[in-house]
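**Q** Just to be clear, the model below is a prediction. Sequence and coordinates:
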Amino acid sequence: MTKLIILRGYPGAGKSTIGKALQLRGAGRFIDHNAILTFVANITGDDDGIYEDITNLELSMARKLLRSGIPTIAARGFGNLESMKPYEEVAEELGIPISIFRIHVDYDELARRVQGPERPGDLNPTTNPELLEKWISENPLVDHPGEVIIDNTRSIAEVVGDILGRV
């Protein structure tokens, strides 16, 4: 069945890791913001100045996949509810169910992750606790009605299993 899964959360929460794992488990095609910037466009550091363009590209990709009947996974901060509206409108227009998951870990764990060796510095400008704290203060996550908060301090297999059991 065609569906849209949205993963939202702060940098370091594990959105991309979970999105890739969900794709490997057959939950849908993962649209990877970091891959578009880093691996396709060879842009490092951040998306400052092109955020809206990248957002429009991601939305166009999601729309194309969903219209083609391909389940789709979108992951990004989605801090405010307005940033999710275009995705929700596409799902509504196509009559496709949408599941929204907030990937959550506490601040100390986020700070540890953004500095970790497993997180390449070229994927995100929040590579230290000070920059992360600034990003969080500028982009607070607003609760979305109906979203499911997923504790990402468990194994990836447990988190993915939890999400798959809810979609």
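**A** Received the coordinates, thanks. Just so we're clear, the structure is a prediction, and the values are computed from it rather than from any experiment.
**Q** okay, and the helix or strand of this structure with the least pLDDT?
**A** Across the helices and strands of the chain, mean confidence by mean pLDDT, DSSP states H and E is lowest for helix 33-35: a mean of 74.
**Q** in that one, what's buried?
**A** Buried positions in helix 33-35, judged by neighbour count with 16 or more other C-beta atoms under 10 Å: His33, Asn34. The way it works is simple: take the backbone N, C-alpha and C, and place the C-beta from them, glycine included.
**Q** Ala75 should be in a helix, yeah?
**A** No - going by DSSP: H, G, I helix; E, B strand; the rest coil, the assignment for Ala75 is strand, not a helix.
**Q** ok, it to Ile50 distance?
**A** Relative to Ile50, Ala75 is positioned 18 Å away (C-beta to C-beta, to the nearest Å).
**Q** Repeat that for Lys20.
**A** Applying C-beta to C-beta to Lys20 and Ile50 gives a distance of 23 Å.
**Q** neighbour count winner among those two?
**A** Lys20 (17 against 14; other C-beta atoms under 10 Å).
**Q** tell me the contacts of the residue nearest the centre of the chain?
**A** Geometric centre of the chain, nearest residue: Ala75, 1.8 Å, by C-alpha atoms, centre = their mean. Contact analysis of Ala75 by C-beta atoms under 8 Å, 6 or more residues apart in numbering lists Ile6, Leu7, Arg8, Lys15, Ser16, Ile18, Gly19, Phe30, Ile31, Asp32, His33.
**Q** what about the residue lying closest to the first one once chain neighbours are set aside, neighbour count?
**A** The shortest distance from Ile6 to any non-neighbouring residue, by C-beta to C-beta, 6 or more residues apart in numbering, is to Ile100 (4.6 Å). With neighbours defined by other C-beta under 10 Å, the count for Ile100 comes to 19.
**Q** what is the rounded mean pLDDT of the strand or helix carrying Ile100?
**A** Under the criterion of DSSP states H and E, Ile100 resides in strand 98-104. Here strand 98-104 scores 95 as its mean pLDDT.
**Q** Run through the neighbouring helices and strands of the next helix-or-strand element following that strand.
**A** Where DSSP H and E defines the elements, the next helix or strand beyond strand 98-104 is helix 107-115. Judged by 3 or more C-beta pairs under 8 Å, 6 or more residues apart in numbering; DSSP states H and E, helix 107-115 is in contact with helix 129-138.
**Q** for the next helix or strand after the helix it packs on, packing partners?
**A** Heading C-terminal from helix 129-138, the first helix or strand you meet, by DSSP H and E, is strand 148-151. Secondary-structure packing of strand 148-151 (3+ C-beta pairs under 8 Å, 6+ apart): strand 98-104, helix 156-164.
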